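Chemist: sequence plus the predicted model coming up.
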Amino acid sequence: MDSFVIQGGYRLEGTIRVHGSKNASLPLLAAALLTEEPVVFRDVPDLADIQNMLRLLAELGCERQDEPGQSGAIGNPVTLRSENESQSHARYDIVRTMRASICTLGPMLARRGSARISMPGGCAIGDRPVDLHLRGLAALGAEISLEGGDIIAKAPPGGRLRGDTIFLGGPFGSTVLGTANVMSAATLAECITIIESAACEPEIVDLANLLRKMGAKITGAGSPRITIEGVESLGRADHAVIPDRIEAGTFMCAAAITGGAVTIENCPIDTLLAAIDRLEHAGVHIETTDGTDPLHATCRVSADRVLKPIEITTQPHPGFPTDLQAQFMALLSLAGGNSVITERIFTERFLHVAELGRMGAHLFRAGSTVVVSGVKQLTGAPVMASDLRASACLVLAGLAAEGTTTINRVYHLDRGYERLEERLRPLGARIERVGESV
Ligand code: EPZ
């Protein structure tokens, strides 16, 4: 297992470009299951999760039509075509490595009339139930059963789902991948589907944009109410994945925590207004130098020498994203005062707290809230990555800490950040990837 070794204390300066969104790409690629026509995807990030999704889709008969990039990299564009619909079982040994495999359920059910997918387990950030997904698909007429750890979904006799009005809200707000599943399935259902309390995340808007290119009739994506008028079939499309807002927010934190000045290209600032609001309240300066397209903007990020403490509560979009909570905790560990961070989406998403504490951060957790008492300096230490965004938090802390930080198990990071060490080094980061000593 690879590790990162970081020499902290160097300001980041220069330009970095945001890549395509992991969390948009996964349901987008799964949407290729909705048609027998080829679907072309551009700006797909070269990440472990994407490799896993392509492997799963190939097993489900949705094969890549073009050649992968050099030396096994994903390469762009990615052209998928679902021609063999005989195998519709998403097996446990793939699903257990990537719970987002669940987003193949809705498309397969809608197009093929049945699907079998291993029930995703929990993960480091907590239980990851799929009850809302199943409730939504059952409302479209699917017969859902559980057998041997697998979800088995069958369309009504005749093979076509039937639209309905569905409330998709849960105790923690809506569900992003649940909305993706139900919206995708509804595109081929009879009649009209209304999803009330739909997820409003930009990744849902991007998926709706692809589905409309394929011939779907969808209005309201990005709002809590999405309306889908079912059609008989969907066709080919060519679609560029939106930039990754969480990667962009992570880079903003990297510029701020090192006291640097970084220009971020291909930055989806329009999807980051809550995070930008919090950064600016803390004393981070974000100047949009090219905002012609607010989903592909250029901005320059710098920060006051000592940040001000702030309050953060994670919420569904357009609120503050839970996927930036860990990164902001690293940043605020060096603020001049006490910040308060409350996690409302995944209330156990605090595995990074103990590791940051090993680096000298003063953190006090009470349930789903952490008080971050700012310190003057973090100190490098050997730490353990536990999940994707906790890993990013530790990289940020290592960049700012005095001395050497070794982050073990960076495979967690590789799931969501493409060759991060190679992209930070040109900005002045002293970061190396070291393989496991044999
Ligand atoms: C997506 O996960 C993202 N993953 C997550 O990003 C992100 O943290 C999450 O949305 C919230 O924004 C992808 O898009 C691949 P949810 P998803 O269903 O859709 C509860 C990252 O770091 N819930 O919106 O699986 C759930 O427990 C990852 O990139 C139910 O109760 O999340 C949680 O508390 C981590 N029942 C809340 O809703 C359900 O059926 C939001 O979960 C589904 C979810």
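Modeler: Received it, and whenever you're ready, just let me know what you need. Numbering: from 1, shown residues only.
Chemist: which residue ranges form the strands in the stretch 51-200 of the chain?
Modeler: 62-64, 78-82, 89-90, 114-118, 143-147, 150-154, 165-167, 192-196 (DSSP state E, counting those that start in this stretch).
Chemist: so what does the second one touch, helix or strand wise?
Modeler: I take that to be strand 78-82. strand 38-42, helix 48-59, strand 62-64 (3 or more Cβ pairs under 8 Å, 6 or more residues apart in numbering; DSSP states H and E). Where you see a C-beta, it was placed from the backbone N, CA and C, and this is true even at glycine.
Chemist: how about the ones you listed in JSON lines, adding mean neighbour count?
Modeler: Output for the helices and strands packed on strand 78-82, formatted as JSON lines (neighbours: other Cβ atoms under 10 Å):
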{"stretch": "strand 38-42", "mean neighbour count": "20"}
{"stretch": "helix 48-59", "mean neighbour count": "19"}
{"stretch": "strand 62-64", "mean neighbour count": "20"}
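Chemist: need the ones you listed in JSON lines (columns: mean pLDDT and distance to M329).
Modeler: Formatted as JSON lines, the helices and strands packed on strand 78-82 follow (pLDDT from 0 to 100; distance: least, Cβ to Cβ, whole Å):
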{"stretch": "strand 38-42", "mean pLDDT": "97", "distance to M329": "33"}
{"stretch": "helix 48-59", "mean pLDDT": "94", "distance to M329": "23"}
{"stretch": "strand 62-64", "mean pLDDT": "95", "distance to M329": "38"}
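Chemist: for these, which one sits closest to S333?
Modeler: Closest approach to S333 among the helices and strands packed on strand 78-82 (Cβ to Cβ): helix 48-59, 27.8 Å.
Chemist: please see if that closest one touches the ligand.
Modeler: No - counting by Cβ under 6 Å from any ligand atom, the ligand is not contacted by helix 48-59; separation bottoms out at 7.5 Å.
Chemist: what's the angle from that helix to strand 114-118?
Modeler: If you take axes from the mean of the first three to the mean of the last three Cα atoms, to 10 degrees, helix 48-59 sits at 140 degrees to strand 114-118.
Chemist: return the distance of helix 48-59 from the chain's centre.
Modeler: 16 Å (Cα atoms, centre = their mean, to the nearest Å).
Chemist: ok, stretch 200-220 next?
Modeler: 17 Å.
Chemist: end-to-end on it?
Modeler: Stretch 200-220 has an end-to-end distance of 9 Å (Cα to Cα, to the nearest Å).
Chemist: picking up where we left off before, reformat the strands of the stretch 51-200 of the chain as TSV; add distance to G220.
Modeler: Formatted as TSV, the strands of the stretch 51-200 of the chain follow (distance: least, Cβ to Cβ, whole Å):
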stretch	distance to G220
strand 62-64	28
strand 78-82	27
strand 89-90	29
strand 114-118	26
strand 143-147	25
strand 150-154	25
strand 165-167	13
strand 192-196	8
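Chemist: out of the ones you listed, nearest to G380?
Modeler: That would be strand 78-82 among these, by Cβ to Cβ, at 38.7 Å.
Chemist: okay, the angle between that closest one and strand 38-42?
Modeler: 160 degrees.
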